[in-house]
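# model this:
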Amino acid sequence: MDAVKTYRYLRIAMIGMVVLIGAAVLHEWGATGWRCLQPSVSSYYYTPARGVLVGALVAVGVCLVVIKGNTDWEDILLNLGGAVAPVIAFVPTPEPGGCRSVPVEVSDIPADVANNVFALLVLGLAGIIITVVIARAAPRSGQPLEPAVRFGLAATVVLYLAALVTFFAARSFFIEHAHYAAAFVLFVCMVAVMIINAWFYGRQQARGSLPTASDYANRYAAVALVMIGTVVVMLVWRTVFGWEHAVLWIEGVLIGCFAVFWALQTRELWNEGLRAPAR
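Numbering: from 1, shown residues only. Now for the predicted structure:
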């Protein structure tokens, strides 16, 4: 029961971080006047909301890594998403925008990135070493690692090496593009997590019989469909008609949909912590 309570607290903390970011951005929006918006949520890094954005993203990353997914694949995707979330926080978007309530003196960004990302890379290396040691020490009766585990380790090492090499060999390129690359990886991981949940929840609802289309057309599939569909429509609209704040609203939809997904999953698993394997 104590383990289930820990799951509950982690899940509630995740939703709390979304509320925290939303409240900080809304407060700044109100302070600037309702017609004055930054081009993206990330651009609020250059406003008084900076501390909340950085702290909340780091906390979200920790929660995603710590919490156990319902399946190996879900767990790997949560870990990958959690690993890149601090990069979004430590490497700000290169688009500062021009809408802020007060002049904010931002410290030297290259110096900040050099310090913070270096520390993150040190932590990442320690995490990879610990993960490999634990994986090798786990009793497997001579069996090879599960495909999901092998993929997770390989993907983590590839992402880490890409960040490491770019950080030291092409610092300007890293500062210019790391924020967007990390955001893309996080988005892909979260969409994949929703799809996996839709699949396994549908199989569980079939209760041992052959799942039907209606079983797979469940709450998690609906949230994933809304997220993907809305983002596609917004991107098309921006391409055809132009839209200064398209990224802001796309990020808002992504954050909102993930919060809804997380709340639905938290409600489903409130008493169990983890979903029982589908038969």
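# can you list contacts of stretch 112-126?
Stretch 112-126 is contacted from outside by 83, 86-87, 90-91, 160, 163-164, 167, 171, 174-175, 178, using C-beta atoms under 8 Å, 6 or more residues apart in numbering. The C-beta positions use only the backbone N, C-alpha and C, and glycine is treated the same way.
# for the helix or strand bottoming out on mean pLDDT in the chain, buried residues please.
Sorting the helices and strands of the chain by mean pLDDT, DSSP states H and E puts helix 213-216 at the bottom, at a mean of 79. If you call a residue buried by 16 or more other C-beta atoms under 10 Å, then helix 213-216 has these buried ones: 215-216.
# so which residues make contact with it?
Helix 213-216 is contacted from outside by 198-199, 202-203, 205-206, using C-beta under 8 Å, 6+ apart.
# and stretch 71-81, by the same measure?
61, 64-65, 67-69, 146, 148-149, 151-152, 155-156, 159, 185-186, 189-190, 192-193, 196-197, 200.
# give me the buried subset of those residues.
61, 64-65, 67, 69, 148-149, 151-152, 155-156, 159, 185-186, 189-190, 192-193, 196-197, 200.
# in helices, which of those appear?
Within the buried ones among the contacts of stretch 71-81, residues falling in helices by DSSP state H are 61, 64-65, 148-149, 151-152, 155-156, 159, 185-186, 189-190, 192-193, 196-197, 200.
# my read: residue 171 touches residue 110, true?
Yes: at 7.1 Å, residue 171 counts as touching residue 110 under the criterion of C-beta atoms under 8 Å.
# okay, the two: which has more neighbours?
Neighbour count, other C-beta atoms under 10 Å: between residue 171 and residue 110, residue 171 has more, with 14 against 11.
# once you drop chain neighbours, what's closest to residue 46?
Nearest residue to residue 46, sequence neighbours excluded (C-beta to C-beta, 6 or more residues apart in numbering): residue 96, at 4.3 Å.
# show me what contacts the one you found?
With C-beta under 8 Å, 6+ apart, residue 96 has these contacts: 43, 45-46, 106.
# so which of those residues is the closest to residue 273?
Distance to residue 273 across the contacts of residue 96 (C-beta to C-beta) is lowest for residue 45, with 34.7 Å.
# surely that closest one and residue 93 touch.
Yes: using C-beta under 8 Å, residue 45 makes contact with residue 93 at a distance of 6.8 Å.
# ok, the two, which is more surrounded?
A count of neighbours by other C-beta under 10 Å puts residue 45 above the other of residue 45 and residue 93, at 26 against 21.
# which residues touch that one?
53-54, 92-93, 96.
# check what pLDDT it gets.
pLDDT for residue 45: 93.
# do you know how far it is from residue 120?
The spacing between residue 45 and residue 120, counted by C-beta to C-beta, to the nearest Å, is 16 Å.
# one more: residue 225?
Residue 225 is 34 Å from residue 120, where distance means C-beta to C-beta.
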